Structures are given as structure tokens and as C-alpha cells.
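> no sequence on hand, only this structure:
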Ligand SMILES: [Zn+2]
């Protein structure tokens, strides 16, 4: 098996919603990004790519490339899944933690797990999403942005026969 970790941060900017795990959540700000700013999916992509030593999301989908302007991060996640599959591995399980003072993300966690599991062609029992605040400490606590940590284990895809 292989293990990978990912970390991503996006700062808040003008806007009225954020996208986390493919779920649109109304908020008093948006997240600054070249793509849809889905900081959860970006951290998960980096964990998956890291596990097979394929670099990071910025190398595969550079923010200098206009093809990825406003990109649907779930599409990037599906592309990462195929890159990983080409190396002979698939998701064993992943765990993640969203660090945000606001908005409240807990009510959306099940929908996020469903989206991510669907994009990774696995059951939601393999995908864990958790959320925490920082008791108002640090940049997340001051409401300046959202950070996500993700770790994953990959298992070898069984060969026929
Ligand atoms: Zn990102």
C-alpha cells in the first residue's frame, strides 16, 4: 500500500458562496481561486498524487493555464483518479479535516462524502470528512480563509486471475 498527505488553503474573497467537496454552501464570502476554489478536493487530490509520487495538483492543472479557469474541481479529482489508476493503485481510504471558523460545514459532510466517493469510484465508507474550528485562533479562526488537511492510503488494483 501507499500513503499520501495533502494540504491546501484558500483565502476568502468577494462572493456569496463557497464550494467544498462539490457542495455549494451559501456564505458571506467566496474563496479566491483560479478554479472553483474547492479547497477540500484540492487537498485530497494532493494526497492521492503524493501517494504515487506524481507531484501535486498545481503541476498537473497549473493556474496559469486558462483551460482550468473556473474549473470544476470534481473534474480534476476524476482526472487524478485516472492518473493514479494508471500506476496500478486505487483508494484504500482517505481522511480529511476542514479547518474553518465559518460557515458551518458539518451539515454538508455527508453530501461531500458522497460526491468524493462517486468521483473516486468507491463506497462512501472509504471517505471521511471532518470539520473543526480553531476557537477563533489563527487565520482560519479570524475568518481569513479555510485550510484542509487530507491523508490517504492507496491499495494495489487486483489483477485478473
Ligand atoms: Zn486549492
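Now that the structure is in, tell me what you want to look at. Computed from a prediction, not measured in an experiment: that's the story for all the values here.
> my guess is residue 122 contacts residue 92. True?
No. With contact defined as Cβ atoms under 8 Å, residue 122 does not reach residue 92; the gap is 9.1 Å. The way it works is simple: take the backbone N, C-alpha and C, and place the C-beta from them, glycine included.
> in which helix or strand would I find the residue in the chain that the ion sits nearest to?
For the chain, the residue positioned closest to the ion under Cβ to the ion is residue 42, at a distance of 3.4 Å. Using DSSP states H and E, residue 42 falls within helix 39-51.
> against residue 118, how distant is the residue of the chain closest to the ion?
Per Cβ to Cβ, to the nearest Å, residue 42 is found 18 Å from residue 118.
> so which of those two has more stuff around it?
residue 42 (27 against 16; other Cβ atoms under 10 Å).
> tell me the pLDDT at the more buried one?
Predicted confidence (pLDDT) for residue 42: 97.
> any idea how far residue 43 lies from residue 160?
Between residue 43 and residue 160 the distance, using Cβ to Cβ, works out to 33 Å.
> who has more neighbours out of the two?
Summary of the neighbour comparison: residue 43 and residue 160, criterion other Cβ under 10 Å, with residue 43 having more neighbours (25 against 3).
> quick one: that one and residue 96 touch, right?
Yes. Using Cβ under 8 Å, residue 43 is in contact with residue 96, at 6.4 Å.
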